[in-house]
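Chemist: sequence below, structure please.
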Amino acid sequence: MKMQIRLIEPTVAEILLSKETLAAFGLTADRLSPRRADGRKLMTFLFDLLESLCGLRRDGCFTFAECRPYINGNCRLRVGFTRQPSDRLYAFACADDLLDALSRLRGISLSDAFRVESSEDAFLLYYAESPDNQMNAAHNLAVLSEYARP
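Modeler: Below you'll find the predicted structure:
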C-alpha cells in the first residue's frame, strides 16, 4: 500500500492515499464514504495507523475527516482530533433492528433516528450521553452494540 502521512498540527494529520491503496479497499477517491462498509474499513485502518504512528486517538471525542479527490485518482484526507466529547452514530441494516433496539433503549426515542436513502445502512441513530441519560448509558451502549455498528 502506498500512502503518505504528515502531521500538520499536534492534533491534525493529512494522509495522501494512492489510487492503488484505495483500490485495495474496493474504493475510488470519489466513492470514499464512511456510510459504506468498505469506507468504514479504510477509516478504521487509518485511525489505527494514526494512533500507532502519531499517537492520535479518538477516545470517544469528536473527530473530523475531510476527504478530497487528488491528482490522478489519488485522495487527500485531513483528519482532526479534539478533546471534546462526541455523540455516537449507529447504523442499522433494517427497520426491524432499529425498532427492536428502540424498544429496549432507555431515554431514546424514534425522533433520534433517521433514514438515509443512499446508504447501504438504511437507518441511523444518534446517541448522545447527557446528564439525563447518564444512568442508562451502560445499558444503552450494550443494547446498541447488539443491533448496530458504531
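
Chemist: for Lys41, which non-adjacent residue is spatially closest?
Modeler: Excluding its sequence neighbours, the residue lying closest to Lys41 (Cβ to Cβ, 6 or more residues apart in numbering) is Phe25, at 6.1 Å. Bear in mind the C-beta positions are built from the backbone N, C-alpha and C, glycine included.

Chemist: please name the residues that touch the nearest residue to Met3 once chain neighbours are set aside.
Modeler: Distances taken as Cβ to Cβ, 6+ apart place Leu17 nearest to Met3, at 5.1 Å, with adjacent residues excluded. Going by Cβ atoms under 8 Å, 6 or more residues apart in numbering, Leu17 touches Lys2, Met3, Ala29, Asn74, Cys75, Arg76, Leu77.

Chemist: if we can go back for a sec, just checking, the residue nearest to Lys41 touches Arg40?
Modeler: No: counting by Cβ atoms under 8 Å, Phe25 sits too far from Arg40 to count as a contact (10.0 Å).

Chemist: ok, the residue nearest to Lys41 - contacts?
Modeler: Under the criterion of Cβ under 8 Å, 6+ apart, the contact list for Phe25 reads Asp38, Gly39, Lys41, Leu42, Phe45.

Chemist: which of the residues you listed fall in helices?
Modeler: Of the contacts of Phe25, the ones assigned to helices by DSSP state H are Asp38, Gly39, Lys41, Leu42, Phe45.

Chemist: and the residue nearest to the second one when sequence neighbours are not counted, what's its pLDDT?
Modeler: Here the nearest residue to Gly39 in space, its sequence neighbours aside, is Ser33; by Cβ to Cβ, 6+ apart that works out to 4.6 Å. Reading off the per-residue confidence, Ser33 sits at a pLDDT of 75.

Chemist: now do the phi/psi pair for Ser33.
Modeler: Note on Ser33: backbone dihedrals following degrees, to the nearest 10 are phi -150, psi 140.

Chemist: one step back: using CSV, lay out the contacts of Phe25 together with pLDDT, neighbour count and distance to Ser109.
Modeler: Below are the contacts of Phe25 laid out as CSV (pLDDT from 0 to 100; neighbours: other Cβ atoms under 10 Å; distance: Cβ to Cβ, whole Å):
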residue, pLDDT, neighbour count, distance to Ser109
Asp38, 83, 15, 32
Gly39, 83, 17, 29
Lys41, 85, 13, 31
Leu42, 89, 22, 33
Phe45, 90, 13, 34
